[in-house]
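Asks: Sequence and predicted structure below; questions after.
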Amino acid sequence: MNAKGKAIAVVTGAGSGIGRAVAVELLRTGWSVALAGRRAETLEETAALARAATPASEGVTPGAGGVTPEAGGVTPAWRAASLAVRTDVSRPEDVNALFAATVERFGRVDLLFNNAGTFGPGGVPVEELPYEAWRHVVDTNLNGAFLCAQAAYRQMKEQDPQGGRIINNGSISAHTPRPLSVAYTATKHALTGLTKSLSLDGRPYGIAVGQIDIGNAATDMTSRMQTGALQANGEVAPEPVMDVADVARTVRHMAELPLEANVQFATVLATAMPYVGRG
């Protein structure tokens, strides 16, 4: 926590979708958040949404990773601070600059929500997928997640008090693929291995690592689901979606556990989406 007793988070992909929803939820409830993304203007929009969603009179008691507010009371949510850092997570120099800026501003890192990702070109058969498209998805979803986790791990290991929490954004596709999604599915399966390895290696240093696997949260990325998505039997059918705010609340629950407790894997999905029995 910083000098005001607030927990400090880094959220990647904070300019849209799930990352934006999680960042707003954290800021709204008293966290200080470094917002990372490719476009500065969308990060500023996220910060503005958080300010608009936070009544000046609202107070919370954040407890991220065992972090609690200063003795004597709650932290007014409107005082939670945001820092926008333009970041390409596939570039090591950008990631290093993100964490350096976060520590310079807030003093430490208590949480990384490792969220930045891309689906890549959808509906492209394996034999037609350009290598450049494959590489872009791998660089963002897997290499970017590793680089951010590595930077967070280094900071959490060295800071005092030691430790923190990393939550990786997996996917239902970390379990079961959609048709014609080889790059996305491969990286999300790999992310599960990254989560497990980081979780094991982080134990001696109080670094808890978990993963949230999300299905059909209502964002721009999933807008096509409601009009029709390709199914394993070749049919195109609309799919239900859920409010992305429900994902954000789940992430905050995971984040605010004491470091002695960890949600290793959580699956949050639209209740009636075709996942159980998919394919």
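Replies: That came through fine.
Asks: residue contacts, the most centrally placed residue in the chain?
Replies: Nearest to the mean C-alpha position of the chain, counting by Cα atoms, centre = their mean, stands residue 115 at 3.1 Å. Residue 115 makes contacts with 11, 12, 13, 14, 18, 19, 22, 169, as judged by Cβ atoms under 8 Å, 6 or more residues apart in numbering. For every residue, glycine as well, the C-beta is placed using N, CA and C.
Asks: got it, and residue 12?
Replies: Contact analysis of residue 12 by Cβ under 8 Å, 6+ apart lists 19, 36, 37, 87, 89, 112, 113, 114, 115, 116, 144, 148.
Asks: Report how many residues lie close to residue 14.
Replies: Neighbourhood size, residue 14 [other Cβ atoms under 10 Å]: 33.
Asks: just checking, what packs against the longest helix anywhere in the chain?
Replies: In the chain, taking DSSP state H as the definition, the longest helix is helix 182-202. Contact here means 3 or more Cβ pairs under 8 Å, 6 or more residues apart in numbering; DSSP states H and E; on that basis helix 182-202 packs against helix 131-138, helix 144-158, strand 164-169, strand 207-215.
Asks: Cross the contacts of residue 115 against strands and list the overlap.
Replies: Here DSSP state E is the test, and those give 11, 12, 169 as lying in strands.
Asks: Just the closest of these to residue 213, please.
Replies: residue 169 (8.4 Å; Cβ to Cβ).
Asks: if I look at the residue nearest to the closest one when sequence neighbours are not counted, how far off is residue 244?
Replies: Leaving aside its chain neighbours, residue 169 sits nearest to residue 115 (4.3 Å; criterion: Cβ to Cβ, 6 or more residues apart in numbering). From residue 115 over to residue 244 the distance is 12 Å, taken as Cβ to Cβ, to the nearest Å.
Asks: Residue 25 belongs to a strand, doesn't it?
Replies: No. Counting by DSSP: H, G, I helix; E, B strand; the rest coil, residue 25 is located in no strand; its state is helix.
Asks: can you pull the contacts of it?
Replies: 245, 248, 249, 251, 252.
Asks: Including neighbour count and distance to residue 83, could those go into CSV?
Replies: Putting those into CSV (neighbours: other Cβ atoms under 10 Å; distance: Cβ to Cβ, whole Å) gives the following:
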residue, neighbour count, distance to residue 83
245, 14, 23
248, 23, 19
249, 15, 23
251, 29, 19
252, 21, 19
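Asks: any weak-confidence spans in the stretch 151-279 of the chain?
Replies: 277-279 (pLDDT under 70).
Asks: do that again at 80, thanks
Replies: Applying pLDDT under 80 to the stretch 151-279 of the chain flags residues 220-224, 226, 276-279.
Asks: what are the bridge partners for residue 168, then?
Replies: Following DSSP bridges, residue 168 is listed with bridge partners residue 114, residue 211.
Asks: and what of residue 10?
Replies: In this entry, residue 10 is beta-bridged to residue 34, residue 112, by DSSP bridges.
Asks: How much space separates it from residue 85?
Replies: Residue 10 sits 9 Å away from residue 85, going by Cβ to Cβ.
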